[in-house]
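Asker: pasting a predicted model and its sequence here:
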Amino acid sequence: MVDLKPFSGVRYNQELVKDLESVVSPPHDVIGREEQDRLYDNSPYNIVRLILGKSLPGDGEDSNQYTRASELLAEWIDEGILVRDREPAIYAYEQEFSLDNGLRGKQLGFIGLVRLEPFENGVILPHERIISKMKEDRLNLMKACHANMSLIITAYSDKEGVTSKLLSEGAVNEPEIEVSFEGVVHRIWMISDPRVLTTFREFFAYKKLYIADGHHRYTTALEYHKKFDGTEKSAYMMMFMLNMEDDGVTILPAHRVLKAIDGFDAEKLKETLSQYFDVQVIPRADSEKFFKDLDAGKKDNFFGMYSGNGSMYLLKLKDEDVMDEVAGDNPAVWRKMDVIILHSLILNKILGVDWNEYAEREDLVFVKERQKALELVDSKQFQVAFFLNPTRMQQVKEAAKQGERMPQKSTYFYPKPLSGLVIHTFDE
């Protein structure tokens, strides 16, 4: 069963921190060095100083970015910069946003605490592999701070809309928090009505949760609780929970841009791909048509490639049976995914890239913005970019149910929940 409970969150004191935009940040794993600097400059109280602190010359075991995060968290609570809510609640969380195609979107979920469950229990299910060095970083931070400072996203099924209705009813008054950040409006409402909280707990008792984003943080929390704490306080993790049946839940693709591929030859790659794919060639100068056609072909076995030679390629798999050779006994829903075809057939078989080893290096980037991916290849910093259509929510659900792990960054749930809206400390 899913053990859900409310909590008294720690939040920025808006009487002292007037400009919330200056203190919140994206999740740590999407922050680059330049953005880290900018967030540092925004405010001496920006949450990035806790979730992604800077390394300094002379750092060692006793003084480093993790110990400094622990010290700052304690200072901000002592100074009243951060304050704890007086009563336990779940937090309705709405995000309003625009997409690249100009359409507006809105999704409403909630933040609550969920008891950690090992994956083998079949209650909370993963869908992606993780990169081990990211897990180690998060574990060091949790050991120092004894807190969840960033959210993971989990999805659940509520076809009747029980939770959506209750959240909508709880989000009619002025929000406790409203902040606009990088084009997305984030709103938070506290829901502390005991009857509503009881309804939520009972509703989730027989549900399954699917980790949509934040696998590293979840596995880190499991390890921390099992090996370093073991108390009831660390047995729960803060989650942003979304109803996968709601139309507003949005998954974007994470495009792959790669370099340092031994013996890479763009023309030879195109010839080899033509054995397996129907290849449509579009000039680089007509990238608008390329992406329009890619969007129009949102179906299985269809994606795009650019290797900097003046042409872009749309690839459609000729025969799904070829996946029998490279995907083994994995279920049909898994082997039909674009990201699986890309990794198994193109990267592993054709290019000879051992993805599990390659993902631990810095020879690839995962890019949401298509234009940025093109520019990375045009600049000769990278050799090739692969453009994917979004993985569908049903595919995520089926892969998780069947115990199949998709490659890292197979999904990009958008918008990302902000860090700094609510914190869960284990000394609650």
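Answerer: Received the coordinates, thanks.
Asker: buried residues in stretch 364-374, which are they?
Answerer: Across stretch 364-374, burial judged by 16 or more other CB atoms under 10 Å covers Leu364, Val365, Phe366, Val367, Lys368, Arg370, Ala373, Leu374. The C-beta positions use only the backbone N, C-alpha and C, and glycine is treated the same way.
Asker: contacting residues around the fourth one?
Answerer: Translated: Val367. Ala254, His255, Arg256, Val257, Ala373, Leu376, Ala385 (CB atoms under 8 Å, 6 or more residues apart in numbering).
Asker: got it, and the first one?
Answerer: By CB under 8 Å, 6+ apart, the contact set of Leu364 is Arg256, Val257, Leu258, Lys259, Tyr358.
Asker: wait, doesn't the second one sit right on Gln371?
Answerer: If I follow you right, that is Val257. No: using CB atoms under 8 Å as the test, Val257 is too far from Gln371 to be in contact (11.9 Å).
Asker: and the longest strand along the chain, how far from the chain's centre?
Answerer: Longest strand of the chain, by residue count under DSSP state E: strand 104-115. In this view, strand 104-115 has its centroid 14 Å away from the chain centroid, taken as CA atoms, centre = their mean, to the nearest Å.
Asker: pLDDT (mean, whole number) over that strand?
Answerer: Confidence over strand 104-115 (mean pLDDT, whole number) is 94.
Asker: other SSEs contacting that strand?
Answerer: strand 4-5, strand 90-98, helix 162-170, strand 236-243 (3 or more CB pairs under 8 Å, 6 or more residues apart in numbering; DSSP states H and E).
Asker: quick one, which of the ones you listed is packed in tightest?
Answerer: Neighbour counts (mean count of other CB atoms under 10 Å) averaged over each of these peak at strand 236-243, with a mean of 25.
Asker: could you check the angle it makes with strand 90-98?
Answerer: 50 degrees (axes from the mean of the first three to the mean of the last three CA atoms, to 10 degrees).
Asker: need the residues that contact the following helix or strand past strand 236-243.
Answerer: Sequence-wise, the next helix or strand downstream of strand 236-243 (DSSP states H and E) is strand 250-252. Applying CB under 8 Å, 6+ apart, the contact partners of strand 250-252 are 97, 99, 105, 107, 368, 390-393, 396, 411-415.
Asker: try 6 Å this time
Answerer: With contact meaning CB atoms under 6 Å, 6 or more residues apart in numbering, strand 250-252 is reached by Gly105, Lys368, Pro390, Thr391, Thr411, Tyr412, Phe413, Tyr414.
Asker: in what helix or strand does Glu362 lie?
Answerer: Here Glu362, judged by DSSP H and E, is contained in no helix and no strand.
Asker: measure it to Arg33 for me?
Answerer: For Glu362, the distance to Arg33 equals 12 Å [CB to CB, to the nearest Å].
Asker: same check on Arg104?
Answerer: Taking CB to CB as the measure, Arg104 falls 32 Å from Arg33.
Asker: over to Leu72?
Answerer: Taking CB to CB, one finds Leu72 at 20 Å from Arg33.
Asker: quick one, which of the two is more surrounded?
Answerer: Higher neighbour count among Leu72 and Arg33: Leu72, with 19 against 8, using other CB atoms under 10 Å.
Asker: confidence score at the more buried one?
Answerer: So, for Leu72, pLDDT stands at 98.
Asker: give me the domain ranges for the chain.
Answerer: As recorded under automatic domain parsing, the domains making up the chain are 4-251+414-425, 254-389.
Asker: let me see the ranges of the helices in the stretch 51-200 of the chain.
Answerer: Applying DSSP state H, counting those that start in this stretch to the stretch 51-200 of the chain gives helices spanning 65-78, 132-145, 162-170, 194-204.
Asker: where does the stretch 151-300 of the chain dip in pLDDT?
Answerer: Along the stretch 151-300 of the chain, segments meeting pLDDT under 70 span 297-300.
Asker: hey, where'd the strands end up in it?
Answerer: For the stretch 151-300 of the chain, the strands defined by DSSP state E, counting those that start in this stretch cover 152-156, 177-181, 184-191, 209-213, 236-243, 250-252, 255-258, 277-283.
Asker: any idea of the angle the first one forms with helix 162-170?
Answerer: In this case it means strand 152-156. Going by the same axes, to 10 degrees, strand 152-156 makes 120 degrees with helix 162-170.
Asker: which other residues reach strand 152-156?
Answerer: Contacting residues not belonging to strand 152-156 are listed as 207, 209-214, 217-218, 239-242, 244, 413 [CB under 6 Å, 6+ apart].
Asker: quick one on the thing from earlier: list the buried residues in the longest strand of the chain.
Answerer: The neighbour-count check on strand 104-115 (16+ other CB under 10 Å) flags Gly105, Gln107, Leu108, Gly109, Phe110, Ile111, Gly112, Leu113, Val114, Arg115 as buried.
Asker: what sits closest to Asp293 if chain neighbours are left out?
Answerer: Leaving aside its chain neighbours, Asp293 sits nearest to Leu314 (5.9 Å; criterion: CB to CB, 6 or more residues apart in numbering).
Asker: my guess is the one you found contacts Tyr306. True?
Answerer: No: the criterion here is CB atoms under 6 Å, and Leu314 misses it with Tyr306 at 10.5 Å.
Asker: who has more neighbours, those two?
Answerer: Using other CB under 10 Å, the more surrounded residue of Leu314 and Tyr306 is Tyr306, with 26 against 21.
Asker: let me see the confidence value for the nearest residue to Ser150 once chain neighbours are set aside.
Answerer: With sequence-adjacent residues excluded and distances taken as CB to CB, 6+ apart, Ser150 is closest to Ser419, at 4.5 Å. Predicted confidence (pLDDT) at Ser419: the value is 97.
Asker: got it, and the one 4 residues further on?
Answerer: Reported pLDDT at Ile423 in the predicted model: 98.
Asker: and the closest residue to Ala205 other than its chain neighbours, how many neighbours?
Answerer: Leaving aside its chain neighbours, Ala205 sits nearest to Met1 (4.7 Å; criterion: CB to CB, 6+ apart). Applying other CB under 10 Å, we find 13 residues neighbouring Met1.
Asker: quick one: Met1 and Lys207 touch, right?
Answerer: No: at 8.1 Å, Met1 does not count as touching Lys207 under the criterion of CB under 6 Å.
Asker: measure Arg217 to Pro253 for me?
Answerer: Distance, Arg217 to Pro253, using CB to CB: 22 Å.
Asker: of the two, which one has the most company?
Answerer: Arg217 (28 against 23).
Asker: what's near enough to touch the more buried one?
Answerer: Arg138, Ile152.
Asker: now do Val114
Answerer: Leu4, Met237, Met239.
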